[in-house]
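In: sequence isn't available, so here's the structure alone:
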């Protein structure tokens, strides 16, 4: 009887060691391709919005964005209002958060106008958003700033500030964040230069690919 109990205890110790080795083994996350991420996009977008937009040029833009996200390359999405820039990036943000794959870090989405509102309420925007962000389930997240150029100057304690222009420069000053922030805008390059100045313009377009939504893509909001 003693021998049987001893063998059972040894077997339990062996199994326990094996179990610990399994659960403590680092997860080998795959490096996803743009095609992989695009497949996830189609599933999530259709589930969230009911359908995929049947427009070849629109889908080409989404494929291009998928490739840049897979490679971790920042972007500027340029196009007229209603072409879906916001919903596209919100979808990608959800996907990366759900996947939890450290090879493809998540990002949070903030409208430029909302950032200005936070500034007006006393928030230190540069301190909050010029470094990797932890928010909810997202850890070490990047940032997508939506619709830059549509915001007003911020006023806090009587002082006016170009909130987004200052934030762009603060982001550029940090090596751990400047390549992980993307933007969208309805303004062309000349308009951005006039709006924010030469210094911000240079930092904004440095190392970022401009993905252009052609003017032939309709305002999908008007179809609803």
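Out: Received, thanks. Please read these numbers as outputs of a predicted model, since none were measured by experiment.

In: just checking, what packs against the top strand by length along the chain?
Out: Assignment by DSSP state E gives strand 138-148 as the longest strand of the chain. Packed against strand 138-148 by the contact rule (3 or more CB pairs under 8 Å, 6 or more residues apart in numbering; DSSP states H and E) you find helix 85-99, strand 107-111, helix 112-120, strand 133-135, helix 163-172, strand 181-185. Every residue, glycine included, has its C-beta placed from N, CA and C.

In: ok, the second one: who's next to it in the sheet?
Out: Spelled out, it's strand 107-111. strand 138-148 (parallel) (DSSP bridges).

In: in the strand it pairs with, what's buried?
Out: By neighbour count with 16 or more other CB atoms under 10 Å, strand 138-148 contains the buried residues 138, 141, 142, 143, 144, 145, 146, 147, 148.

In: likewise stretch 70-80?
Out: Result for stretch 70-80 [16+ other CB under 10 Å]: buried residues 70, 74, 75, 76, 77, 78, 79.

In: residue 170 reaches residue 130, doesn't it?
Out: Yes. Using CB atoms under 8 Å, residue 170 is in contact with residue 130, at 3.9 Å.

In: tell me who's in contact with the spatially most central residue of the chain.
Out: Residue closest to the average C-alpha location in the chain (CA atoms, centre = their mean): residue 107, at 3.2 Å. The contact partners of residue 107, by CB atoms under 8 Å, 6 or more residues apart in numbering, come to 93, 96, 138, 141, 142, 143, 144, 180, 182.

In: do you know how far the second one is from residue 128?
Out: Just to be clear, that refers to residue 96. The spacing between residue 96 and residue 128, counted by CB to CB, to the nearest Å, is 20 Å.

In: thanks a lot, see you next time.
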